[in-house]
Every structure is written in C-alpha cells, then in structure tokens.
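Asker: Structure for the following, please:
(one chain, ligands or ions: 2)
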Amino acid sequence: MTIRTVSTTPFFDQKPGTSGLRKAVPVFQQPNYLENFIQSILDSLNEIEGQTIVLGGDGRYYNRQSIQIILKMAAANGIGRVLVGCNGIFSTPAASAVIRKFNALGGIILSASHNPGGPNGDFGVKYNVTNGGPAPEKFTSAIFERTKTISEYKILDAADINLDNPGSFNLGTMEVEIIDSIAPYVKLMQTLFDFDKIKALLSSRNFKMCVDSLHAVTGPYAHTLFEKYLGAPKGTVKNGTPLEDFGGCHPDPNLVYAHDLVEILFGENAPDFGAASDGDGDRNMILGRNFFVTPSDSLAILTANAKLVPGYRGGLAGVARSMPTSTAVDKVAEKLGIDCYETPTGWKFFGNLLDAGKATLCGEESFGTGSNHIREKDGLWAVLFWLNILAVRGKSVQEIVQEHWEEYGRNYYSRHDYEEVKSKPANDLMEQLRLMVGSLKGKKYGNYEVAYADDFSYFDPIDGSISKKQGVRIGFSDSSRIVFRLSGTGTKGATLRVYIESYEPDASKHNIETQKVLKPLIKLADEIAKIKEFTGRSEPTVIT
Ligand code: G1P
Ligand code: ZN
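Answerer: Numbering: from 1, shown residues only. Ligands and ions are numbered 1, 2, ... in the order given. This is a model prediction of the structure:
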C-alpha cells in the first residue's frame, strides 16, 4: 500500500457554518472537494500521529463513499486508529458519547442534520473535539484558513474496508475498528434514566406512544431502546429504517416536516405521547395527545422536573440556552437558585460551560435539548427524559405543561423562517438593523416600548473569547422580544429567522392560539426590519 500525495487547489467556499461544512451533494462530489476539507481538518490538528479518531454519519447519500475516502486519508496522515460505526452509522449524540468513552482525539461526523438527503440533497462534515463536542470557533476558523491555502493532500492507495459487520482491519499502519454504534449509547442512557419505571409505563395498556424516526439515523436506536429494552409494542417506532434519501422527506422534527406524526397525535384515538428526531438524531419534537410542546418550554420543564430523574437527582449546576430560545427556562433557574447562561446559536457554545461544570442542561429553540452526559444535543435522551417524568408523575403531557405555565407563566413563542431568500437583500436587511439598534431604546411602537436593543455579542466566561454579530435582539418593556438572525446552516441563498416571544403570567390567558397572541409583534417585526421590502416575501416559509 502506498501513500499518494495529490496536488490540489483551494475551494474558497469551505467556511464551516453553525454546525460544520454543509453543501449540496454534487458540491461535495467535485474532485478533491471532500479531500481538501478533510486534509485541512487533519492539518489543523496538533500531533495526530498514532491518535484515535471516531468516524461515522447519519447514513445519508454519500456517507459510505466519504468514509472510505476519509479512512484512507487518515491512514496516510498517520492516525493510529479509527473507530467507525457499523455500516458507517453514528447518530451525532452516539458519536459524541463514543469520542468521550474512548478518550479519542476527536471525531469526524458526516451529516447535514435535518437537511434533506439524496443525490441532490445535502451533505456535511463536522469535526468534534476531545470532549465530544463540536469544534469551537477558534478551531473551525483555523480549518477555514487552511482550506484557502491547501496545495496537496495525502491518501493511501488501498481497497475499501467492509463496514457492514463489527471487526478489525489494518489500513497501512492504521487500525480500523468497526464497532456497534448502538450498544454504548443505550448503556449510557441506562445510567441516566429509570428504565424500570419507563418500562412499566410503556408496557401498560393505558399508555400509548408513537415515535417517528423519519427514515433517518435514530431508527435502529429507537427500535432497540423502546421496543427491545423498554417494553413498547412492536410498531411503536415508525419509519425506523434509515434511508439514504430519508424516503424523499425532510428529516426535521417540527410541526411542518413531521406532519404524519402530528396528524396521529392530533387525530382520533391519539396516543398519549409522540416524538420525532431529525436526520442525525440530535433534535427532538415532543407531542402529547392533541398537544405540542415548544422546545423552549420543553427545556424549562425538564429543568423544573430534573430531580425526578436518577441522572439529575443530585441537582443541576446551572442551565444554558441559546439567545433566541425563549426565556421560559430563566424563570425556572431563578426559582431553583441556579445560573442561567445565554449563548449564541449553535451547540458549540455550550461545550465550555458543560466542561467547566457551570451548566448541566442546555437547550435551543430549534428542537435541541441535551445535558452534560455528552457534548451534543440529544434527541432520544430528551424523549427518555420526558418518559421518565411522565412515568413518575402519572400525568399527561398537557397537564404537566399547563401546570408549569400556572406556576411560572407562559412564554408564547414562535419562529418564522424565510427560506431561500437572496443573500444580498438578506444581508442588507441585517445591516440596516445593526445600524438602527443603537438608537432604538425608549422608542415607542404603539403599546410597545423598546427596553433594549443590540446585536448580540457573547463573552465566553470560560475561555474569554468573544463572538460578535450573533443576532439582533429587540426587547420591550412588557418582557416581549423579537430577534433577527441569518441561518448558518442553510445551503441555498439565505434564510432569515425571526424569533418572536411574549410573556403571559395570567393563567386565564394561557390557552390562546400562539400566532394570534403574537400577531401584533409579528406585524411589528415586519415594520421594524422591513422584511417585505427587503425579501419580497409577505409570508414566512416555515412557522414553528
Ligand atoms: C440551526 C438552529 C440552531 C442549531 C443548528 C444545528 O442553525 O437554528 O439552533 O444549533 O441549526 O442544528 P441556523 O441554521 O439557525 O444557523
Ligand atoms: Zn441534527
């Protein structure tokens, strides 16, 4: 087997976004495109000689081919051992768990998360560091800088490795271990949750649940956890066979893209509990019978009920949420007397807080919740957390949420996405907001008075780094809030995200339709940001 050094020229669009490099599959299939990015990752790491890395992805189209290329490049660059998920599969949370378990140097995760897959869908590459979490900005910037100057990469001339069964192989001097990617994850879950109690709930005749894996990576994990270990009847997990194109669907667990599950939970004889996960298994959507739990509320409720769950019985060190996530969890933290951190969008910002023991639970409005058990958000973990709470409290999802609102007040919340708008007007829209925010304080818009407005900047209390331009937020004197930012994960044009929140302490007003409550603020968002004028759109494409 010989190591080949291949000459290459840079691609100038390899800047990692909110969560790694994401592009359409044909972009990744261009000669040298994937190779350049992988070599740039390897070049940005110190002392890789003999180290262990973890490799796998969500099973989407181009996963298998990429793994073969990456293995040969890892071998040519002196990596000592690669742990690959069987069939090339790792859910993102399972990859994080395995990096931690084996003290690996890091991991390469192949996923475009909730973006559609297939030959014309999206693909992605993300590097996770030793703590199991996404590489911090300092590291992703170094990778980007390297992609701009790269002139060669190294690859081993060798036959492909069989990924289909557990086993060990040698690739040059490197060892390749194909490992079961489900068992270590299930084991970790057993240390956190009361499996006996959940099993009693799931095997009782009075409780029915439905889990939709959306033809994506969580299928095998969910079958094993719920149907094999926790006594749920076969058929509880739907769409549980991962497909390279996710069956042509958009594997994003929200009210729009997980509509089949929504129909079941809002239909006749609906089950008591419903849940869905995204393409790579880090997101979750929680539903009760005829009831949707917003992710921001879910984080607040998990925090308030954490003492009921074995893994968190000892109490929480603190909580963290991304800036656009509703402030529902802040109220719980206040009552518990723990710190609540506000970070920019993206899981990578939680890593330092978790490592330093400052936060135990973290969450984002974008259907992401997780804890210090790994350094990624974790869809099935959130489902198990909810099941554990339901099993202990013996109440319905709706009762639990409504009781929560009674105690803490309700944060009405919605996100409006304007997808695939042109990049230039989207950037211009943000720029005018940035210029405007300094002078908004005290300004009145009808009944709303601006209490503060800024372009969010985050000072990381652990490493002292500063992340600027993380979204424009405008807060009003009645605690309501509008946030504007551009997506960092989209692959076509720009996506404008508008986050709208209002707080209602009065329990008699807790059962009004969200969009109705938020209507005046939605109108105000358009008035302030001139969304129609800049984007030409009068309606968002997705409302969650
Ligand atoms: C989106 C979400 C963000 C999440 C990320 C990865 O990023 O908004 O909360 O961490 O996906 O799942 P965005 O496209 O907004 O940059
Ligand atoms: Zn994801």
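
Asker: Write out the residues of the stretch 301-450 of the chain neighbouring ligand 1.
Answerer: Within the stretch 301-450 of the chain, the positions near ligand 1 by CB under 6 Å from any ligand atom are 322, 345, 346, 347, 364, 366, 368. No exception for glycine: its C-beta is placed from N, CA and C like everyone else's.

Asker: any chance of those in TSV, with pLDDT and distance to ligand 2 too?
Answerer: Output for those, formatted as TSV (pLDDT from 0 to 100; distance: CB to the ion, whole Å):
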residue	pLDDT	distance to ligand 2
322	98	14
345	95	13
346	91	12
347	90	9
364	97	11
366	95	9
368	97	8
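
Asker: Just the buried ones from the residues you listed, in ChimeraX syntax?
Answerer: This is the ChimeraX syntax for the buried subset of these, where burial follows 16 or more other CB atoms under 10 Å:
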select :322,345,346,347,364,366,368
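
Asker: Let me know the closest of the residues of the stretch 301-450 of the chain next to ligand 1 to residue 529.
Answerer: Among those, residue 345 lies closest to residue 529 (CB to CB), at 17.6 Å.

Asker: Spit out the contact partners of that closest one.
Answerer: 18, 322, 323, 324, 364, 366, 470, 471, 485, 488 (CB atoms under 8 Å, 6 or more residues apart in numbering).

Asker: Could you tell me the single residue of the stretch 301-450 of the chain that sits nearest to ligand 1?
Answerer: residue 366 (3.5 Å; CB to the nearest ligand atom).

Asker: Using the three-state scheme, assign that residue.
Answerer: Secondary structure, DSSP: H, G, I helix; E, B strand; the rest coil: residue 366 is coil.

Asker: hang on, it packs against residue 295?
Answerer: Yes. The pair residue 366 / residue 295 is scored as a contact, 6.8 Å apart, by CB atoms under 8 Å.

Asker: so who does the nearest residue to residue 493 once chain neighbours are set aside touch?
Answerer: Excluding its sequence neighbours, the residue lying closest to residue 493 (CB to CB, 6 or more residues apart in numbering) is residue 420, at 4.6 Å. Under the criterion of CB under 8 Å, 6+ apart, the neighbours of residue 420 are 490, 492, 493, 494, 495, 541.

Asker: residue ranges with poor pLDDT in this structure?
Answerer: Scanning the chain for pLDDT under 70 picks out no residues.

Asker: Flag every residue of it that's near ligand 1.
Answerer: Counting by CB under 6 Å from any ligand atom, the chain sits next to ligand 1 at 18-19, 113, 322, 345-347, 364, 366, 368, 487-490, 497.

Asker: And the strands in the stretch 201-350 of the chain?
Answerer: Assigned by DSSP state E, counting those that start in this stretch, the strands in the stretch 201-350 of the chain fall at 209-212, 237-238, 273-277, 284-288, 291-293, 318-322, 339-343.

Asker: I'd like the C-alpha coordinates of the fourth one written as CSV, please.
Answerer: Once non-C-alpha atoms are left out, strand 284-288 reads as follows in CSV (Å, rounded to 0.1, in the frame of the first residue of the first chain):
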residue,chain,number,x,y,z
ASN,A,284,-36.4,16.1,19.1
MET,A,285,-40.0,17.1,19.0
ILE,A,286,-42.3,16.2,21.9
LEU,A,287,-46.1,15.9,21.5
GLY,A,288,-48.8,15.0,23.8
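
Asker: Adjacent strands (with direction) for that strand?
Answerer: strand 273-277 (antiparallel), strand 291-293 (antiparallel) (DSSP bridges).

Asker: quick one: contacts of that strand?
Answerer: 253-255, 258, 261-262, 265, 272-277, 292-293, 295, 298, 367-369, 378-380, 382-383, 386, 396-398, 401.

Asker: Of those, which belong to helices?
Answerer: 261-262, 265, 295, 298, 379-380, 382-383, 386, 397-398, 401 (DSSP state H).

Asker: Contact residues of this protein facing ligand 2?
Answerer: Counting by CB under 5 Å from the ion, the chain comes close to ligand 2 at 113, 278, 280, 282, 283.

Asker: Mind putting those residues into CSV with neighbour count?
Answerer: Converted to CSV, the residues of the chain next to ligand 2 look like this (neighbours: other CB atoms under 10 Å):
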residue, neighbour count
113, 27
278, 34
280, 32
282, 34
283, 27
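
Asker: Pull the most distant pair out of the residues you listed.
Answerer: Using CB to CB, the residues of the chain next to ligand 2 span at most 8.3 Å, a distance reached by 280 and 283.

Asker: list the residues that contact both of the two?
Answerer: With CB under 8 Å, 6+ apart as the test, residue 280 and residue 283 both reach 113, 114.

Asker: for the stretch 301-450 of the chain, what spans make up the helices?
Answerer: 328-336, 351-355, 379-393, 397-408, 423-437 (DSSP state H, counting those that start in this stretch).

Asker: Single out the most deeply packed of those.
Answerer: helix 379-393 (a mean of 24; mean count of other CB atoms under 10 Å).

Asker: what's the angle from that one to strand 284-288?
Answerer: Orientation of helix 379-393 against strand 284-288 (axes from the mean of the first three to the mean of the last three CA atoms, to 10 degrees) gives an angle of 30 degrees.

Asker: Tell me how many other residues crowd the nearest residue to residue 375 once chain neighbours are set aside.
Answerer: Computed as CB to CB, 6+ apart, the closest residue to residue 375 that is not its neighbour in sequence is residue 133, at 2.9 Å. Under the neighbour criterion other CB atoms under 10 Å, residue 133 is assigned a count of 24.

Asker: go on, the one 5 residues further on?
Answerer: Using other CB under 10 Å, the number of residues around residue 138 comes to 9.

Asker: For it, give me its contacts.
Answerer: Per CB under 8 Å, 6+ apart, neighbours of residue 138: residue 465.

Asker: quick one, phi psi at it?
Answerer: Residue 138 adopts backbone torsions of phi -60, psi -40, taken as degrees, to the nearest 10.

Asker: And for residue 108?
Answerer: phi -110, psi 120.

Asker: Find the helix or strand that the residue lying closest to it once chain neighbours are set aside is a member of.
Answerer: Counting by CB to CB, 6+ apart, residue 108 lies nearest to residue 55, which is 5.2 Å off, once chain neighbours are set aside. Of the helices and strands defined by DSSP states H and E, residue 55 is found in strand 52-57.

Asker: ok, the residue of the chain found nearest ligand 2 to residue 462 distance?
Answerer: Distances between the chain and ligand 2 by CB to the ion are smallest at residue 113, namely 3.1 Å. Per CB to CB, to the nearest Å, residue 113 is found 26 Å from residue 462.

Asker: And residue 234, by the same measure?
Answerer: From residue 234 to residue 462 the distance is 46 Å (CB to CB).

Asker: Which one of the two is surrounded by more residues?
Answerer: Remark: of residue 234 and residue 462, residue 462 carries more neighbours, 12 against 9, as counted by other CB under 10 Å.

Asker: and residue 240, how many neighbours?
Answerer: 22.

Asker: Can you show me the helices along the stretch 51-200 of the chain?
Answerer: 63-76, 92-101, 137-147, 183-192, 195-202.

Asker: Quick check: which of the ones you listed is buried the most?
Answerer: helix 92-101 (a mean of 27).

Asker: if we can go back for a sec, tell me who's in contact with the residue nearest to residue 375.
Answerer: Residue 133 neighbours (CB under 8 Å, 6+ apart): 96, 347, 348, 350, 351, 354, 374, 375, 376.

Asker: Report the beta-bridge partner residues of residue 458.
Answerer: Legend: beta-bridge partners of residue 458 under DSSP bridges are residue 467.

Asker: Please tell me I have it right and it contacts residue 344.
Answerer: Yes. Between residue 458 and residue 344 there is a contact under CB under 8 Å: 4.9 Å.
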